[in-house]
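Q: Provide a 3D model corresponding to the input given below.
(one chain, ligands or ions: 1)
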Amino acid sequence: MTTIVLGAGVVGTATAWYLTKAGHDVILIERQSEAAMETSWGNGGIIHASEVEPWSQPGMPGKIIKWLGKEDAPLLLRYGAIPHMFRWGIAFAQNCTPERFRANALSNLHLALHSLKSLQEISAETGILYDRGTRGVLKIYRSAQSLENAQRGADYLAPHGLLYERVTPDRCVELEPALKDTRSTLAGGLYFARDEVGDSNKFGQGLAAACASRGVQCRFGETIDRIETANGRVLAVVTDKGRIDADTVVVALGSFTAPMLAKIGIRVPIYPVKGVSITFERGGWNSAPNLPVIDDSKIFGFVAIGDRMRVSGSAEISGYDTTPAMTRAQAIIDNASFTFPELKHNLDLSKARVWAGLRPVSPAGTPIIGETRFRGLWINAGHGHLGWTLSCGSGRVAADLITGRDPGIPLPPSQGVVSRAV
Ligand SMILES: Cc1cc2nc3c(=O)[nH]c(=O)nc-3n(C[C@H](O)[C@H](O)[C@H](O)COP(=O)(O)OP(=O)(O)OC[C@H]3O[C@@H](n4cnc5c(N)ncnc54)[C@H](O)[C@@H]3O)c2cc1C
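A: Numbering: from 1, shown residues only. Here you go, the predicted structure:
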């Protein structure tokens with residue numbers, strides 16, 4: 001029984017791992033020469049087991065319209081993208097009611113906790129080194145109102161397993177002394193002790209190697225052209241190197257899932273939202289932040305990953321181009337320098353890696369995991385801003401469903417794509 005996984009980002013690689021453990025003969029196909037080289041390369045690195053709220057939330061459609069065309073907006077919708085994402089936009093707006101938002105956040109929480117446990121089990125079993133950090137994550141707020149709103153959201157999820165501590169500005173500085181310069185601007189923070197950080201590129205590559213050593217055929221440097229179906233079921237995958245028969249195919253192509261499945265008439269509501277990160281060596285910056293910090297009002301994440309520092313942010317809806325706009329990168333650096341003024345003296349942009357990746361965002365802000373209307377053709381994609389967080393759990397859930405096992409957690413909504421009822 002041959003199972004082909006399309007795409008070796010963190011999601012596809014985790015899917016291949018759990019499928020091989022379940023006894024499938026797995027082929028993993030990836031166009032890059034290694035795993036995790038596209039969106040899974042330079043993300044913020046945070047395992048947000050506690051920060052699971054979708055972007056489709058009450059008030060967001062109005063904000064996006066207000067920000068239209070503004071270069072420095074936190075979420076920039078470019079006019080040119082609008083005609084291509086009309087349906088997606090309507091579905092996104094429909095998910096912004098308080099009820100849908102809460103249900104989607106809860107769905108992500110179940111998957112995130114399952115995923116964190118799965119990630120920890122995989123790293124214990126394989127010994128993959130991925131610059132794991134376990135000091136928790138601090139989110140800082142500059143207005144009492146936004147802190148109250150965030151606490152309300154956390155209180156809603158707390159009975160379902162979310163752990164958090166509300167902290168004062170002084171406690172923020174105690175937790176991360178590099179916040180001392182911005183102390184007077186803070187209203188407080190939420191500290192998520194259980195959240196972790198790690199390099200998803202290193203993890204993805206380590207996991208691909210572990211998959212290969214268990215017999216997964218990793219076909220890297222091979223571009224998938226199309227999927228063949230007949231009589232309501234999947235038949236084969238056609239690549240630039242030939243045709244491969246398959247009993248089961250899992251599409252884990254991130255943002256490229258939608259155009260690939262559109263070729264066989266499946267409309268998948270996943271749209272790319274470009275983000276930017278800047279990675280540089282810590283070098284002699286001894287007082288650099290050690291605790292991962294997310295700044296709610298300036299909208300960036302600042303994380304030490306091993307001996308590198310990474311600052312990430314920006315959301316830009318502009319199609320599939322992955323060129324990082326320097327205006328967006330500069331806005332992130334300016335915002336981060338407000339919070340951490342020493343950054344200005346420690347970041348040499350000519351030596352930093354400015355990177356952009358496409359978050360595969362679904363209207364509900366939850367991934368799409370399940371079987372399509374073609375028997376044997378599965379999808380595991382649409383993890384948006386939470387793909388590193390949700391990757392191991394999603395791979396495990398997909399493999400369980402394919403193998404006919406109960407995944408043991410409530411499943412994310414079907415979003416009209418997979419045959420399972422919500
Ligand atoms: C700036 C930024 C910050 C982020 N921060 C975080 C964070 O802190 N925490 C978090 O949890 N998530 C974060 N994310 C989101 C996370 O990075 C993504 O959700 C995740 O990487 C998606 O993984 P994936 O495997 O679905 O997609 P990808 O990593 O994009 O993998 C898809 C793979 O499919 C391959 N592929 C595509 N088309 C073809 C084809 N035709 N043939 C062969 N191969 C193909 C690609 O090469 C790619 O390797 C962030 C994202 C960005 C952009």
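
Q: Okay, buried residues for stretch 343-357 please.
A: 343, 346, 347, 352, 354, 355, 356, 357 (16 or more other Cβ atoms under 10 Å). For glycine as for every other residue, the C-beta is placed from the backbone atoms N, C-alpha and C.

Q: Tabulate these in TSV, adding columns for secondary structure and distance to residue 41.
A: Output for the buried residues of stretch 343-357, formatted as TSV (DSSP: H, G, I helix; E, B strand; the rest coil; distance: Cβ to Cβ, whole Å):
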residue	secondary structure	distance to residue 41
343	helix	22
346	helix	23
347	coil	20
352	coil	15
354	strand	13
355	strand	7
356	strand	10
357	strand	7
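
Q: Spatially, which two of these are the most separated?
A: Farthest pair in the buried residues of stretch 343-357 (Cβ to Cβ) is 346 and 357. Separation: 24.0 Å.

Q: if we can go back for a sec, quick check, nearest of the buried residues of stretch 343-357 to the ligand?
A: Closest approach between those and the ligand, by Cβ to the nearest ligand atom: residue 357, at 3.5 Å.

Q: Hmm, that closest one is touching residue 274, no?
A: Yes: look at residue 357 against residue 274 with Cβ atoms under 8 Å: they come within range, at 7.3 Å.

Q: hey, what's in contact with both of those two?
A: residue 322 (Cβ atoms under 8 Å, 6 or more residues apart in numbering).

Q: any chance you could map the strands in the stretch 101-250 of the chain?
A: Per DSSP state E, counting those that start in this stretch, the stretch 101-250 of the chain carries strands over the ranges 137-141, 165-167, 188-192, 196-197, 217-220, 224-230, 233-239, 242-245, 248-251.

Q: For the ligand, which of those is the nearest?
A: Of all the strands of the stretch 101-250 of the chain, strand 224-230 comes closest under Cβ to the nearest ligand atom, at 3.6 Å.

Q: report the angle between the axes of the closest one and strand 233-239?
A: Counting by axes from the mean of the first three to the mean of the last three Cα atoms, to 10 degrees, strand 224-230 lies at 160 degrees to strand 233-239.

Q: low-scoring pLDDT stretches of this structure, where are they?
A: Residue ranges of the chain with pLDDT under 70: 420-422.

Q: Helices of that one, start to end?
A: 10-21, 60-67, 86-94, 98-126, 144-157, 169-175, 200-213, 257-262, 326-339, 343-346, 387-403 (DSSP state H).

Q: For the last one, name the packing helices and strands.
A: Using 3 or more Cβ pairs under 8 Å, 6 or more residues apart in numbering; DSSP states H and E as the contact definition, the elements that helix 387-403 packs against are helix 10-21, strand 46-47, helix 98-126, strand 248-251, strand 368-371, strand 377-381.

Q: Is the ligand within reach of the second one?
A: By that I understand strand 46-47. Yes: residues of strand 46-47 contacting the ligand under Cβ under 6 Å from any ligand atom: residue 46.
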